[in-house]
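Okay, sequence plus prediction incoming.
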Amino acid sequence: MMQVELKDGERIDNLERNNYRIIQHPKGFCFGMDAVLLTGFVDGNTKGKVLDLGTGTGIIPILLEAKTQADHFTGLEIQDQSVDMAKRSIQLNNLENKIQIIKGDIKNAFSYFPLASFDIITSNPPYMINNSGYKNINEPKTIARHEILCNLEDVIKASSKLVKVGGKVYFVHRPNRLTEMMVLMKSYQLEPKRIRFVHPYHNKPANMVLIEGIRHGKSLVEVEKPLIVYEKEGTYTQEIYDIYGMTKGETYER
């Protein structure tokens, strides 16, 4: 594995797949379970070209390279610090020939790439609407979590323009915005095809939703069985261990 420079405060985390690792900064925005679960929701037989919108430090392209048969991955990210860490993580894992990180704005995504040029598009967009509770709009965590630099419609519009007809899009979001998400998807000709709710425990309400859509797909949606995160406090369910690539009882190295 290639050696890369770490900057002040940065760390290297183990991704439990193909010995891949990722560079993160604890005071910036570190990836969460939602990104990992999204990579587990993507069809493992995926081939062709994949674009991740708002890629952050590159977690989704790196994990999808390990989990799918796709030929090439591109991550689009607007924050300089995240772009820099993502590029160094690609080098760290010797994936320069498979993954490209581009600095750019999701709202202008279709100016960076040819229209309808990707087979798959993924995104883990900001969940919180504009000014709901943020203090410093310039903080990386705030930008990643709040709709400051882009909103849900921006992500769905860009996905619709850049995915091929018949291509798939994958999103993870909050259940309380599912109606908005589905209305927007249909308005941009992205037909919802699979939905899966994620619950922290079997007796708790869902706190995440995974959704797959197909550009110009037929109107038929499947709601899959719930994904339960914890079997009991401190212990994941077997499916979560499988998605992370860990053995049961193993602690995730962060």
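Sure, I can see it.

contacts and neighbour counts: CA atoms only from here.
Will do.

Shouldn't residue 165 be within a strand?
Yes. Counting by DSSP: H, G, I helix; E, B strand; the rest coil, residue 165 is part of a strand.

Could you check how many residues crowd around the closest residue to it other than its chain neighbours?
With sequence-adjacent residues excluded and distances taken as C-alpha to C-alpha, 6 or more residues apart in numbering, residue 165 is closest to residue 215, at 5.2 Å. Applying other C-alpha atoms under 10 Å, we find 23 residues neighbouring residue 215.

residues contacting residue 215?
160, 163-169, 189-191 (C-alpha atoms under 8 Å, 6 or more residues apart in numbering).

what are the phi and psi values for it?
phi -70, psi 120 (degrees, to the nearest 10).

what is it paired to in the beta sheet?
Beta bridges link residue 215 to residue 190, judged by DSSP bridges.

And for residue 169?
Beta-bridge partners of residue 169, as defined by DSSP bridges: residue 121, residue 213.

contacting residues for it?
Shown in contact with residue 169 (C-alpha under 8 Å, 6+ apart): 120-122, 159, 163, 190, 212-215.

which among these end up buried?
Buried by 16 or more other C-alpha atoms under 10 Å: 120-122, 159, 163, 190, 212-215, out of these.

Make CSV out of those residues and add pLDDT and distance to residue 113.
Putting those into CSV (pLDDT from 0 to 100; distance: C-alpha to C-alpha, whole Å) gives the following:
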residue, pLDDT, distance to residue 113
120, 98, 14
121, 98, 13
122, 98, 15
159, 97, 11
163, 98, 10
190, 98, 19
212, 98, 22
213, 98, 20
214, 98, 19
215, 98, 17
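
Dump these to JSON lines, plus distance to residue 81.
Output for the buried ones among the contacts of residue 169, formatted as JSON lines (distance: C-alpha to C-alpha, whole Å):
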{"residue": "120", "distance to residue 81": "26"}
{"residue": "121", "distance to residue 81": "23"}
{"residue": "122", "distance to residue 81": "21"}
{"residue": "159", "distance to residue 81": "24"}
{"residue": "163", "distance to residue 81": "27"}
{"residue": "190", "distance to residue 81": "32"}
{"residue": "212", "distance to residue 81": "30"}
{"residue": "213", "distance to residue 81": "31"}
{"residue": "214", "distance to residue 81": "32"}
{"residue": "215", "distance to residue 81": "33"}
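
ok, now how distant is residue 98 from residue 74?
As judged by C-alpha to C-alpha, to the nearest Å, residue 98 and residue 74 stand 8 Å apart.

out of the two, which sits in the more crowded spot?
A count of neighbours by other C-alpha under 10 Å puts residue 74 above the other of residue 98 and residue 74, at 22 against 16.

Surely that one is in a strand?
Yes. Judged by three-state DSSP, residue 74 forms part of a strand.
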